[in-house]
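Chemist: Here is my input, please return the structure:
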Amino acid sequence: MTAAHSLRCLWLARTLPFPLDSGDRIYSARLAGALAEAGASVHFFGHAARRDAVPPGHAAVRWHGIGGGPHPTWRGLASLQPLNGAVHATPAYRKRLASVLTQAWDAVVIDHYGMAWALPAVLQHARRRTKPPVLVHVAHNHESTLWQGLVRQFSGSSVRRLGAWLNLLKIRRIERRLAGAADLLCCIAEEDAQAFERDRGGRRTIVLTPGYSGLRMPERTLSAQVPRRALMVGSFRWVAKQENLKALVRHADGPFTAHGIGLDVVGDMPDALRAQLAGHASVRLHGFVDDIAPLLRQARLAIVPEAIGGGFKLKFLDYVFGRMPVVTLDVAAAGLPAAMRDAMLTCADLPALVRQVVASMDDLPLLDRLQRQAHASAAPLFHWGDRGVALRNAIEELSSAPAAAAQGLRIDAAGVHV
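Modeler: Predicted coordinates for the structure are as follows:
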């Protein structure tokens, strides 16, 4: 693109990513904002947010909310689309999409597999253009791998398990179609990129781990005055997150209670899950909180116990920059640089994680050293501005490359692909 012609990008997402209360919302909002700040004109479309006001610091993107909201869940059960896609493919969104696709775009971003329903219209638009837009798919996970794990470990009823298995079949089909159609596949972790390569032959990928723009705690020294508590933060509306939390509590409640260890669980969750967990002696449920800092100061370590779910988990950055030592599962640490993993206590499974928390809770010199080491390794790495420049450069490289040359391209995002 020349200086006189700014990259014009249509960004299609399920919803406007506000409030910033989950990892996928944060990643979408910050990456779109970073691309805009790198000089692109980004028009972001999605169902209207639960809060009307766009938070400060997001003015670089033009946000377009679609009224009416998603379909109820039951409307999506009979669809050929995965449930996450079917509920968002409303007549209002389809009508708005048809309208905006009459305009010329340099790039079209399909954000999340839940927007795969928009792919036919986008491809039809591309065929009509003398110079088709670069089609980018932002993949928050390798969803087929994630849902395989979910179906295998699902603890719900047989009917819900069957529903999860059928959804997995739909996801496999649509994810491969998205990855195959995209000119550029944007992955959040190297492990996801490798999984897509096994499926699709390693074409046109870039790995953009998240940046970080959240709370940064000042220097901290852990002492015996800090309560003997562990902290887990998340958004527990998604079934995979619920299964991970329930599995942790099943394994941890007895040992934690016996050793006088408390578990603080912070994040929005359904009432049914809250009721299910409320009777466990070691568990304290806080719900969603606007300010996490007091809870960070009142816990000795943080837990990342996700046995289900790939991708890069943004909560690692919240903990590391919040000066919290971390105990996690090996599988949950996907996408982390080796130096950060070395500064965490990693475990093979949940029983080992529980034993590690019990063994480490009073080893304050160890915990203090780990939080300092993790912070020092992360401090220079996670800048959203780098991600925006890398994404803009990758799109421009593909836009200017002959179609044949673009096939098989693995973008080198130096300094971003950490």
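
Chemist: Please report how far the closest residue to residue 311 other than its chain neighbours lies from residue 169.
Modeler: Among residues not flanking residue 311 along the chain, residue 141 sits closest, at 4.2 Å (CB to CB, 6 or more residues apart in numbering). Any C-beta I mention is one placed from the backbone N, CA and C, and that applies to glycine too. As for residue 141, its distance to residue 169 is 17 Å (criterion: CB to CB, to the nearest Å).

Chemist: Same question for residue 106.
Modeler: For residue 106, the distance to residue 169 - CB to CB - is 35 Å.

Chemist: who's more crowded, the two?
Modeler: Neighbour count, other CB atoms under 10 Å: between residue 106 and residue 169, residue 106 has more, with 20 against 12.

Chemist: For that one, grab phi and psi.
Modeler: Reported as degrees, to the nearest 10, the phi and psi values for residue 106 are phi -80, psi -30.

Chemist: confidence score at it?
Modeler: Listed pLDDT for residue 106 reads 97.

Chemist: Mind checking what secondary structure the residue nearest to residue 311 has?
Modeler: The local conformation at residue 141, judged by DSSP: H, G, I helix; E, B strand; the rest coil, is coil.

Chemist: Residue 191 is in contact with that one, correct?
Modeler: No - Residue 141 is beyond contact range of residue 191, at 9.7 Å (criterion: CB atoms under 8 Å).

Chemist: Tell me which of the two has more neighbours.
Modeler: A direct count of neighbours by other CB under 10 Å for residue 141 and residue 191 places residue 141 higher, at 24 against 19.

Chemist: Point out where the stretch 301-418 of the chain drops to low pLDDT.
Modeler: Counting by pLDDT under 70, the ranges of the stretch 301-418 of the chain that qualify are 309-310, 402-418.

Chemist: Strands of that one, residue ranges please.
Modeler: Applying DSSP state E, counting those that start in this stretch to the stretch 301-418 of the chain gives strands spanning 301-304, 326-329, 345-347.

Chemist: Comparing those, which comes out most buried?
Modeler: Across the strands of the stretch 301-418 of the chain, averaging neighbours per residue (mean count of other CB atoms under 10 Å) puts strand 301-304 on top, at a mean of 25.

Chemist: That one pairs with which strands, and in what direction?
Modeler: When pairing is defined by DSSP bridges, strand 301-304 lines up against strand 229-233 (parallel), strand 326-329 (parallel).

Chemist: Just put these in JSON lines and tack on distance to residue 24.
Modeler: Output for the strands paired with strand 301-304, formatted as JSON lines (distance: least, CB to CB, whole Å):
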{"stretch": "strand 229-233", "distance to residue 24": "15"}
{"stretch": "strand 326-329", "distance to residue 24": "20"}
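
Chemist: which helices and strands does the longest helix anywhere in the chain pack with?
Modeler: Longest helix of the chain, by residue count under DSSP state H: helix 158-181. Judged by 3 or more CB pairs under 8 Å, 6 or more residues apart in numbering; DSSP states H and E, the packing partners of helix 158-181 are helix 83-86, helix 119-128, strand 134-139, helix 143-153, helix 190-200.

Chemist: mind redoing it with 10 Å?
Modeler: helix 83-86, helix 119-128, strand 134-139, helix 143-153, strand 184-187, helix 190-200, helix 239-258 (3 or more CB pairs under 10 Å, 6 or more residues apart in numbering; DSSP states H and E).

Chemist: For residue 360, which of these is the nearest?
Modeler: Comparison of those against residue 360 by CB to CB identifies helix 239-258 as nearest, at 12.7 Å.

Chemist: Buried residues in that closest one, which are they?
Modeler: By neighbour count on 16 or more other CB atoms under 10 Å, the buried set for helix 239-258 is 239-249, 251-253, 256.

Chemist: again, but for stretch 64-74
Modeler: So for stretch 64-74, counting by 16+ other CB under 10 Å, buried means 65, 66, 70, 71.

Chemist: number of nearby residues for the residue lying closest to residue 123 once chain neighbours are set aside?
Modeler: Once flanking residues are discounted, residue 123 sits nearest to residue 181: 6.5 Å by CB to CB, 6+ apart. If you count neighbours by other CB under 10 Å, residue 181 ends up with 17.

Chemist: Does residue 181 touch residue 137 like I think?
Modeler: Yes - at 7.7 Å, residue 181 counts as touching residue 137 under the criterion of CB atoms under 10 Å.

Chemist: Overlap in contacts, the two.
Modeler: The contact sets of residue 181 and residue 137 overlap at 110, 116, 119 (CB atoms under 10 Å, 6 or more residues apart in numbering).

Chemist: how about the closest residue to residue 81 other than its chain neighbours, secondary structure?
Modeler: Leaving aside its chain neighbours, residue 81 sits nearest to residue 117 (5.2 Å; criterion: CB to CB, 6+ apart). Look at residue 117: counting by three-state DSSP, its state is helix.

Chemist: In this structure residue 117 contacts residue 89, no?
Modeler: Yes - under the criterion of CB under 10 Å, residue 117 makes contact with residue 89 at 4.1 Å.

Chemist: got any residues that touch both of the two?
Modeler: 79, 81, 97.

Chemist: Please pick the buried ones from these.
Modeler: With burial judged by 16+ other CB under 10 Å, the buried subset of the shared contacts of residue 117 and residue 89 is 81, 97.

Chemist: Turn the shared contacts of residue 117 and residue 89 into a markdown table, including secondary structure.
Modeler: Output for the shared contacts of residue 117 and residue 89, formatted as a markdown table (three-state DSSP):
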| residue | secondary structure |
| --- | --- |
| 79 | coil |
| 81 | coil |
| 97 | helix |
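
Chemist: which residues of the stretch 51-200 of the chain score low on pLDDT?
Modeler: Residue ranges of the stretch 51-200 of the chain with pLDDT under 70: 51-57, 155-156, 200.

Chemist: follow-up on the earlier one: now, which of the shared contacts of residue 181 and residue 137 sits nearest residue 269?
Modeler: Among the shared contacts of residue 181 and residue 137, and counting by CB to CB, the member closest to residue 269 is residue 116, at 27.4 Å.
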